[in-house]
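Asks: let me see the structure of the following:
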Amino acid sequence: MTTTSPPPAATPAPPPAPHAGPRPVPAPRLEWLTAEVADWRRRGLLDEAQAAAVLALYTPGRRASLARLLLVVGACFVGVGLLWLVAANLAALSPTARFAGVVVVWLVLLLGSEARSARLPGPVVAVGRLAAVLAFGAVVFQAAQSLQVPAWEPRLLGVWAAGALLQAYAVRSALAVVVGVAVGTGWLVWAGVGASATGLDVVLLLGAAGVGAVALGALHEGGSDRLARLGVPWREAGALLVLAALFGAALPFVEADAQRPGAWALAAGAVALALAAVAAARSVGQGRLEPAVAALAVAVATALVLWEAGNDATDVDLAGWLHAGAGVLAYVGLAVAVAAAGTLRDSGRLTGLATVALVAFTTVQAFAVFARVVEGAWLFLLLGAVLVGTGWLTVRAQQRLARTLEEQ
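Replies: Just a heads-up that it's a prediction; the model follows:
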């Protein structure tokens, strides 16, 4: 007679890990979750106790809290203070002592942030990395001073930008990427303007930096989440730079001068187009479209500068009106494209950037061109009407785009 052994007892599931407390989330996201939980209750997926337990796990919070703002501002003050100390020459210390002191501060900030990254809150670690990147700039300038290199050299900014980007990718710091992009753009424009200071060169250099940054932001997509996050500051900085290039091209007093860009601007443009081509080949969807839109906007900006019309803001003729109108239409179209990208990517910063840029451009253009025809209170009434109308059209376009995305 055979006997069957009883089945092995099921291993009990481990108890859930205790929650440290309600997790702060942005208020709009919590409102969405509350509405979803209410819908789940109506459908019978959750009872009242379960719905309350889900909502109890979260609490409304703000992404940019006062404490985080103070940390960022404090880190910037530390970095600027170190740069200031280097610029002040610190005659009481020898060059070797000054250099050693700045290097020690930089290493303490860099290694301290990484060594304590597992124990410190995320915002504190991010701000420590930001301070380390700024301190590296002090190291570069102090080394140049010790080697008798003139401080007013754009290549120093280039070295600082390269070091900042290397550190940013080594520790995966988005704030360090922001510093690297900002300093690198300063190096590119400074070096290019030093070689050939024309309005066309400035517009092309800003535009090339913007197209390259947008392309690099697109190339970050498709990898890990941490790598994709590093592409966000590239994309946002690129949008800002392209908007600035078109902003400058539409101004009445920006001229092409020699009608031919300098070698530095041409080289920067070639590199930017190559990056845009690579991004278009390796990206899909929106990542492929954004570099193309940026390159098209820079091409329009170049055409506006080469179009010798409306350069005299004191005497606006028909050609000047046509030039101003073309600039306004191009800039509004670019701002709407940036706002649409912000909607598609759920990025409030891109949408806010487009809104502020549009308001600033409309105001400047009103006083640069329309103030010659409409003066006094009527100018402000007209400007207000244009801003309200543009804002209404932008909101309508965003709402229609959002509805289209929801229906897909």
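Asks: ok, then the element right after whichever helix or strand A297 is part of?
Replies: Per DSSP states H and E, A297 falls inside helix 286-306. Where DSSP H and E defines the elements, the next helix or strand beyond helix 286-306 is helix 318-344.
Asks: next, the angle helix 286-306 makes with that following helix.
Replies: Counting by axes from the mean of the first three to the mean of the last three CA atoms, to 10 degrees, helix 318-344 lies at 160 degrees to helix 286-306.
Asks: near A326, how many other residues are there?
Replies: A326 is flanked by 17 other residues according to other CB atoms under 10 Å. Every C-beta, even on glycine, is put in place using the N, C-alpha and C of the backbone.
Asks: what about the strands in this protein?
Replies: Along the chain, the segments classed as strands by DSSP state E run 23-26, 58-61.
Asks: kindly reformat the ones you listed as TSV containing distance to W307 and mean pLDDT.
Replies: Formatted as TSV, the strands of the chain follow (distance: least, CB to CB, whole Å; pLDDT from 0 to 100):
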stretch	distance to W307	mean pLDDT
strand 23-26	45	70
strand 58-61	50	72
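Asks: in the helix holding A297, what counts as buried?
Replies: For helix 286-306, burial by neighbour count (16 or more other CB atoms under 10 Å) applies to 287, 289-298, 300-302, 304-305.
Asks: and of the strands of the chain, who's closest to W152?
Replies: strand 23-26 (43.9 Å; CB to CB).
Asks: can you give me the buried ones in the closest one?
Replies: Buried, per 16+ other CB under 10 Å, within strand 23-26: V25.
Asks: got it, and stretch 208-224?
Replies: Buried-residue list, stretch 208-224, by 16+ other CB under 10 Å: 208-221.
Asks: what count of nearby residues applies to the nearest residue in space to L206 that is not next to it in sequence?
Replies: Nearest residue to L206 in three dimensions, chain neighbours excluded: A245, at 4.0 Å (CB to CB, 6 or more residues apart in numbering). A245 has 28 neighbouring residues, counting by other CB under 10 Å.
Asks: isn't A245 up against A299?
Replies: No. Under the criterion of CB atoms under 8 Å, A245 makes no contact with A299, lying 10.5 Å away.
Asks: returning to what we had before: who's in contact with the residue nearest to L206?
Replies: V203, L204, L206, G207, G210, A297, V298, A301 (CB atoms under 8 Å, 6 or more residues apart in numbering).
Asks: from L306, how far off is it?
Replies: 14 Å (CB to CB, to the nearest Å).
Asks: one more: R42?
Replies: For R42, the distance to L306 (CB to CB) stands at 62 Å.
Asks: same question, V214
Replies: V214 is 23 Å from L306, by CB to CB.
Asks: check contacts around A174.
Replies: For A174, the contacting residues are A126, A168, R229, L230, V232, P233, by CB under 8 Å, 6+ apart.
Asks: pLDDT score for the last one?
Replies: Pointing back at P233 there. pLDDT for P233: 90.
Asks: that one: neighbour count?
Replies: 25.
Asks: give me every residue that touches it.
Replies: A174, V177, V178, V181, G217.
Asks: which of those residues lies closest to P261?
Replies: V181 (22.6 Å).
Asks: does that closest one touch W234 like I think?
Replies: Yes. Contact criterion CB under 8 Å: V181 and W234 qualify, at 6.5 Å.
Asks: what do the two both touch?
Replies: Joint contacts of V181 and W234 (CB under 8 Å, 6+ apart) are A213.
Asks: more crowded one of the two?
Replies: Between V181 and W234, counted using other CB under 10 Å, V181 has the larger neighbour count: 26 against 23.
Asks: setting aside sequence neighbours, what's the nearest residue to that one?
Replies: Here the residue nearest V181, using CB to CB, 6+ apart, is A237, at 4.5 Å.
Asks: tell me the contacts of that neighbour?
Replies: A237 sits next to V178, V181, A182, T185, G210, A213 when contact means CB under 8 Å, 6+ apart.
Asks: L334: which of these is nearest?
Replies: Nearest to L334 out of the contacts of A237 is G210 (CB to CB; 10.5 Å).
Asks: got the contact list for the residue lying closest to that closest one once chain neighbours are set aside?
Replies: Nearest residue to G210 in three dimensions, chain neighbours excluded: L241, at 3.2 Å (CB to CB, 6+ apart). In this structure, L241 makes contact with T185, L206, G207, A209, G210, A213, judged by CB under 8 Å, 6+ apart.
Asks: swap in A357?
Replies: By CB under 8 Å, 6+ apart, the contact set of A357 is L240, L243, F247, A335, V338.
Asks: quick revisit: what two of the contacts of A237 are the furthest from one another?
Replies: Across the contacts of A237, the longest distance by CB to CB is 14.9 Å; it joins V178 and G210.
Asks: returning to what we had before: which two in the contacts of A174 are spaced the farthest apart?
Replies: A126 and V232 (13.5 Å).
Asks: higher neighbour count, these two?
Replies: Using other CB under 10 Å, the more surrounded residue of A126 and V232 is A126, with 22 against 18.
Asks: so what's that one up against?
Replies: Contacts of A126 (CB under 8 Å, 6+ apart): S173, A174, L175.
Asks: so who does the last one touch?
Replies: Counting by CB under 8 Å, 6+ apart, L175 makes contact with V72, A126, V127, R129, L130, V133.
Asks: tell me how this protein divides into domains.
Replies: Domains of the chain are assigned by automatic domain parsing as 23-63, 65-183.
Asks: worst mean pLDDT among those?
Replies: domain 65-183 (a mean of 76).
Asks: circling back: dump the contacts of A237 to a markdown table, plus distance to L251.
Replies: Output for the contacts of A237, formatted as a markdown table (distance: CB to CB, whole Å):
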| residue | distance to L251 |
| --- | --- |
| V178 | 27 |
| V181 | 24 |
| A182 | 23 |
| T185 | 19 |
| G210 | 17 |
| A213 | 22 |
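Asks: just give me the closest of those to T362.
Replies: G210 (20.5 Å).
Asks: mind saving the C-alpha coords of stretch 198-206 as PDB?
Replies: Extracted C-alpha coordinates of stretch 198-206, given in PDB (Å, rounded to 0.1, in the frame of the first residue of the first chain):
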ATOM      1  CA  THR A 198      29.600  90.500 -36.100                       C
ATOM      2  CA  GLY A 199      25.900  90.100 -35.500                       C
ATOM      3  CA  LEU A 200      25.700  87.200 -37.900                       C
ATOM      4  CA  ASP A 201      28.400  85.400 -36.000                       C
ATOM      5  CA  VAL A 202      26.700  85.800 -32.600                       C
ATOM      6  CA  VAL A 203      23.400  84.500 -34.000                       C
ATOM      7  CA  LEU A 204      25.100  81.600 -35.600                       C
ATOM      8  CA  LEU A 205      27.100  80.700 -32.600                       C
ATOM      9  CA  LEU A 206      24.100  80.800 -30.300                       C
END
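Asks: if anything else comes up later, I'll come back, but that's it for now.
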